[in-house]
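J.: give me the fold of what follows.
(one chain, ligands or ions: 1)
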Amino acid sequence: MVRVVDASLVPSGGPARISVSRLPLAAEVASAVAAAGGVAEVVEDRLLATARPSQLVDAAGRRGGADLAGPLEIEVERAVASWLGGPVDLATPSGALPCGSRPVVMGILNVTPDSFSDGGSHYRPEDHPAAAIAHARRMLEEGADLVDVGGESTRPGAEPVPEDEELRRVLPVVEALAADDVTVSIDTSKANVARRAVEAGAAIVNDVSAGTNDGLLLRTVAELGVPYVVMHMRGTPRTMQRDPRYTDVVAEVYDFLSDQIRRLELLGIRRDLLVVDPGIGFGKTVAHNLELLRRVREFTSLGRPVLIGTSRKSFLGTISGVEEASERLEGSIVTAAIAVARGASIVRVHDVAETVRAVRVAAALSGDPRPGQEPGA
Ligand code: 7PM
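T.: Down below sits the predicted model:
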């Protein structure tokens, strides 16, 4: 698994900082890199090298022959190219999300009755689906590029929702929004809900379970041929916050996402349909969430748009001392802005108007070479 930690010197012929996990003969390759004037060390099961990409590949060739150098060269080339190339647009059945030119804002539409959930639930049986549709429209007017419709809360300890109830909640909303050419993502981990929502016009499947909740989901996504969000979760919503532990949370989440992309490609899901997401709050402590946000840039080595969802999450409340979820605006905005400045392409938020303004400034501040990032764009 190759992860480019930093490649900003490569264009001028300088070295890149590259982490390679599960590399055979890692110690031998490290000494060959050092012998060739690079810097390399083995930490646990990872080779950390600061060297020109070609130096690393040549060192692998000297120690392990073409069988080792070949695959490594492909991985290193792709990772360096995606790091240097910047984010790419995401084609969807209802139009492309312009991730390549500006940050994309995904508005959250919780069609769930549990009032606990972040004060953002818009589901009252007596006036369903009108209230939910009205809230979606308001977020679109405020500048949301797409709306994430979810009928089952995935918060820690949330009650599972039967499939027919989830369908009753989401389908009328998806249909109405899709009929207005709105880009809709369906936040579900059930294969049949994903299928019915896409048939009703949803353009993206956003499955927090990475296909682990319903064995048919990944195959269904492959058949539907729509974009899919690959998200990391440690455990299940019921168990995930019980003492999650990582050695290097970024490296382990990265390896999961990279493995999952490969698994999805084997199922016939094209890489260019995928969005990656480290899953803030899904089996992570406050410290883990902060480390993932600090090092968002490293996930861009996967060459896919990075989605970040921090909005109103409990780690923000813990840090800022804000108990009430719907009061966590500042922390939500700051984390969205910093994630964008560090390379995230899509932010999933409750407070759309405020976030749209904040991420525009953040993208301008990041000196992002993407076209359309110049101030006033
Ligand atoms: C814990 C707290 C778990 C809050 C889930 C939540 C994400 C998502 C949600 C995310 C993607 C909530 C969220 N969060 N989908 N769905 N990424 N792709 O707002 O971070 O309740 S649910």
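J.: where do the helices of the stretch 101-250 of the chain begin and end?
T.: 130-141, 163-179, 191-199, 217-224, 249-266 (DSSP state H, counting those that start in this stretch).
J.: between the last one and helix 217-224, what angle do the directions make?
T.: Relative orientation of helix 249-266 with respect to helix 217-224: 50 degrees, computed using axes from the mean of the first three to the mean of the last three CA atoms, to 10 degrees.
J.: if you count neighbours, what's buried in helix 249-266?
T.: For helix 249-266, burial by neighbour count (16 or more other CB atoms under 10 Å) applies to 249-258, 260-261, 264. For the C-beta atoms, the positions are set from N, CA and C on the backbone; glycine is no exception.
J.: quick one: it near the ligand?
T.: No - Helix 249-266 lies apart from the ligand when judged by CB under 6 Å from any ligand atom; the minimum separation is 11.9 Å.
J.: so what secondary structure elements neighbour that helix?
T.: strand 2-6, strand 16-21, helix 217-224, strand 228-231, strand 274-277, helix 286-294 (3 or more CB pairs under 8 Å, 6 or more residues apart in numbering; DSSP states H and E).
J.: try it again with 10 Å
T.: strand 2-6, strand 16-21, strand 46-51, helix 217-224, strand 228-231, strand 274-277, helix 286-294 (3 or more CB pairs under 10 Å, 6 or more residues apart in numbering; DSSP states H and E).
J.: buried ones in the first one?
T.: Meaning strand 2-6. Val2, Arg3, Val4, Val5.
J.: who are the contact partners of the last one?
T.: It stands for Val5. By CB atoms under 10 Å, 6 or more residues apart in numbering, Val5 lies in contact with 16-19, 48-50, 79, 83, 250-251, 254, 295, 297-298, 301.
J.: circling back: can you tell me which of the helices and strands packed on helix 249-266 the model trusts least?
T.: The minimum mean pLDDT among those belongs to strand 2-6 (a mean of 88).
J.: mind exporting the C-alpha coordinates of it to CSV?
T.: Listed next in CSV are the C-alpha coordinates belonging to strand 2-6 (Å, rounded to 0.1, in the frame of the first residue of the first chain):
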residue,chain,number,x,y,z
VAL,A,2,1.7,3.2,-1.1
ARG,A,3,0.7,6.5,0.6
VAL,A,4,2.3,9.7,-0.4
VAL,A,5,2.7,11.8,2.7
ASP,A,6,4.2,14.8,0.9
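J.: distance between it and the chain's centre?
T.: 17 Å (CA atoms, centre = their mean, to the nearest Å).
J.: strand 46-51 and that one, what's the angle between them?
T.: Using the same axes, to 10 degrees: strand 2-6 against strand 46-51 is 50 degrees.
J.: quick check: nearest residue in space to the residue in the stretch 251-377 of the chain positioned nearest to the ligand, chain neighbours excluded?
T.: Nearest residue of the stretch 251-377 of the chain to the ligand, counting by CB to the nearest ligand atom: Gly309, 2.4 Å away. Leaving aside its sequence neighbours, Gly309 sits nearest to Arg348 (CB to CB, 6 or more residues apart in numbering; 3.8 Å).
J.: element containing the one you found?
T.: For Arg348, the element it lies in under DSSP states H and E is strand 346-349.
J.: run through the neighbouring helices and strands of that strand.
T.: Using 3+ CB pairs under 10 Å, 6+ apart, strand 346-349 sits against strand 104-110, strand 146-150, strand 184-187, strand 274-277, strand 307-308, helix 329-341, helix 352-365.
J.: mean neighbour count added to those, as a markdown table?
T.: What follows is the helices and strands packed on strand 346-349, written out as a markdown table (neighbours: other CB atoms under 10 Å):
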| stretch | mean neighbour count |
| --- | --- |
| strand 104-110 | 27 |
| strand 146-150 | 26 |
| strand 184-187 | 30 |
| strand 274-277 | 24 |
| strand 307-308 | 28 |
| helix 329-341 | 22 |
| helix 352-365 | 19 |
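J.: and those as a markdown table, adding distance to Ala96?
T.: Listed next are these as a markdown table, based on distance: least, CB to CB, whole Å:
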| stretch | distance to Ala96 |
| --- | --- |
| strand 104-110 | 10 |
| strand 146-150 | 11 |
| strand 184-187 | 14 |
| strand 274-277 | 13 |
| strand 307-308 | 16 |
| helix 329-341 | 18 |
| helix 352-365 | 18 |
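J.: so what's the closest residue in space to Pro98 that isn't next to it in sequence scoring on pLDDT?
T.: Once flanking residues are discounted, Pro98 sits nearest to Asp89: 5.7 Å by CB to CB, 6+ apart. Asp89 carries a pLDDT value of 96.
J.: how about the lengthiest helix in the chain: buried residues?
T.: Looking across the chain with DSSP state H, the single longest helix is helix 53-85. Neighbour-count burial for helix 53-85 flags 53, 55-64, 68-69, 72-73, 75-76, 78-80, 82-84 (criterion: 16+ other CB under 10 Å).
J.: domains in this structure, as residue ranges please.
T.: 2-85, 104-365 (automatic domain parsing).
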